[in-house]
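Engineer: Structure of the sequence below:
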Amino acid sequence: MIMTKKYEIILKYIKDLSVEIPNAETFIFSREYITKYSLGINITTKPLKDEMIEVITKINYKDPSENKRKSYFEILYATVIKIKDKKLKKTELEKIILCDVQNDIYPDLERIFLNVIKESGFPDLKLEKKVDFEKLYQQKTN
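Structural biologist: Numbers count the residues shown, from 1 in each chain. Take a look at the predicted model:
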């Protein structure tokens with residue numbers, strides 16, 4: 001059985017991008033501690049006309065400690081999707097936004113984000129674990 005997608009990605013773009021490295025001392029300090037930084041993800045939506053939704057995936061990477069010398073990285077990535085199925089239940093729509101769309105865009109988003117951090121002068125950074133959007137969605141709904 002072939003599942004047809006219930007949505008289509010119309011466009012994707014970087015809505016906002018922020019790299020905050022206050023000074024050279026912070027940069028030197030951050031370079032040593034960047035692997036201890038933690039990744040935060042937040043997903044919001046904005047309804048548009050014509051069955052379209054703007055999905056904003058915000059990722060930040062920051063020092064979780066009480067450290068004074070810290071750098072901060074954040075990207076807001078917008079994905080505009082068009083819902084093909086007019087009879088979608090609210091839960092189905094939620095799953096599309098929080099799982100399916102994220103699974104579609106995340107590899108690109110992660111690559112862009114890691115590249116920005118790298119171009120900011122930090123060594124090659126790998127995020128330890130892949131983000132499991134299905135699991136996050138399950139936790140949210142249970």
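Engineer: For the helix or strand bottoming out on mean pLDDT in the chain, list every residue counted as buried.
Structural biologist: Using mean pLDDT, DSSP states H and E, helix 133-141 stands out as the lowest-scoring helix or strand of the chain, at a mean of 86. Of all the residues in helix 133-141, those buried under the rule 16 or more other CB atoms under 10 Å are Phe133, Tyr137. (Each C-beta comes from the backbone N, C-alpha and C, glycine too.)
Engineer: Does anything pack onto that helix? Which helices or strands?
Structural biologist: Using 3 or more CB pairs under 8 Å, 6 or more residues apart in numbering; DSSP states H and E, the elements in contact with helix 133-141 are helix 90-95, helix 101-119.
Engineer: mind checking which of the ones you listed is nearest Phe73?
Structural biologist: Minimum separation from Phe73 across the helices and strands packed on helix 133-141 (CB to CB) falls at helix 101-119, 5.6 Å.
Engineer: Show residues contacting stretch 128-142.
Structural biologist: Leu39, Ile41, Thr91, Glu94, Lys95, Leu98, Cys99, Gln102, Asn103, Tyr106 (CB atoms under 8 Å, 6 or more residues apart in numbering).
Engineer: change it to 6 Å
Structural biologist: If you take CB atoms under 6 Å, 6 or more residues apart in numbering as the criterion, stretch 128-142 is touched by Leu98, Cys99, Gln102, Asn103.
Engineer: repeat for stretch 19-26
Structural biologist: Phe27, Arg69, Ser71, Tyr72, Phe73, Ser120.
Engineer: can I get the residues you listed in CSV with pLDDT and secondary structure?
Structural biologist: Shown next, in CSV, are these (pLDDT from 0 to 100; DSSP: H, G, I helix; E, B strand; the rest coil):
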residue, pLDDT, secondary structure
Phe27, 96, helix
Arg69, 92, coil
Ser71, 95, coil
Tyr72, 96, strand
Phe73, 97, strand
Ser120, 95, coil
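Engineer: remind me which residues of the chain are low pLDDT?
Structural biologist: Judged by pLDDT under 70, the chain has its weakly predicted residues at 1-3.
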